[in-house]
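> Kindly return the folded structure for what I paste below:
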Amino acid sequence: MSILEHFDHSEKKQDKEHFKHLIQVALADGKIEDNEFKMLHRLGKNMGFTDPEIDDLLESTKQSAYNPPYELSRRFEQIYGIVKMVLADDKIDNNEMRLATGLALKSGFSENEIPALLVLLIDGIKKGEDEEDLFKIYKKRIMIL
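Residues are numbered from 1 along each chain as shown. This next block holds a predicted model:
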């Protein structure tokens with residue numbers, strides 16, 4: 001860890017942890033495919049990371065304590081990104097789904113709602129639905145419960 005990481009604000013630390021989880025999902029089947037690598041770089045840049053930062057995060061595969069965001073919308077956004085990474089190579093691996101389920105649980109989603117959440121995200125992403133629209137659907141579903 002560099003000295004500068006001690007001065008990162010909490011949102012940047014959460015983004016780094018989330019990005020590491022995306023890397024773990026990409027690695028769940030044993031290797032990072034070219035399209036997964038490209039997606040990781042694209043997502044990393046969207047999070048505000050530079051190419052050297054992305055490469056450093058890719059190289060560091062050590063586990064870190066997960067500190068999920070408080071806001072439901074940010075937690076949903078992170079799980080959305082994880083499911084999108086699962087689907088990046090057009091195949092759903094059991095290890096990837098176990099990791100996605102575990103991260104959803106660590107993010108504060110209940111064990112009962114995770115299967116429906118993952119199905120909603122998988123189906124929605126495959127259909128090209130927008131993250132915001134999927135979040136609205138999710139919120140309506142949890143209001144009913």
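> make it CA atoms for all contacts and neighbour counts henceforth
OK.
> ok now the least confident helix or strand in the chain by mean pLDDT, how far from the chain's centre?
When each helix and strand of the chain is scored by mean pLDDT, DSSP states H and E, helix 10-27 comes last, with a mean of 84. Distance of helix 10-27 from its chain centroid, counting by Cα atoms, centre = their mean, to the nearest Å, is 7 Å.
> how about it: buried residues?
13-27 (16 or more other Cα atoms under 10 Å).
> who does that helix touch, helix- and strand-wise?
helix 34-46, helix 51-59, helix 72-86, helix 94-106 (3 or more Cα pairs under 8 Å, 6 or more residues apart in numbering; DSSP states H and E).
> quick one: contacts for D89?
33, 35-36 (Cα atoms under 8 Å, 6 or more residues apart in numbering).
> now, which of those residues sits nearest P52?
Distance to P52, by Cα to Cα, is smallest for E36 among the contacts of D89, at 17.4 Å.
> mind putting the helices and strands packed on helix 10-27 in JSON lines, mean neighbour count and mean pLDDT included?
Below are the helices and strands packed on helix 10-27 laid out as JSON lines (neighbours: other Cα atoms under 10 Å; pLDDT from 0 to 100):
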{"stretch": "helix 34-46", "mean neighbour count": "16", "mean pLDDT": "90"}
{"stretch": "helix 51-59", "mean neighbour count": "14", "mean pLDDT": "88"}
{"stretch": "helix 72-86", "mean neighbour count": "21", "mean pLDDT": "93"}
{"stretch": "helix 94-106", "mean neighbour count": "18", "mean pLDDT": "89"}
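> Indicate which one of those helices is closest to D133.
Nearest to D133, of the helices and strands packed on helix 10-27 and by Cα to Cα, is helix 72-86 at 11.6 Å.
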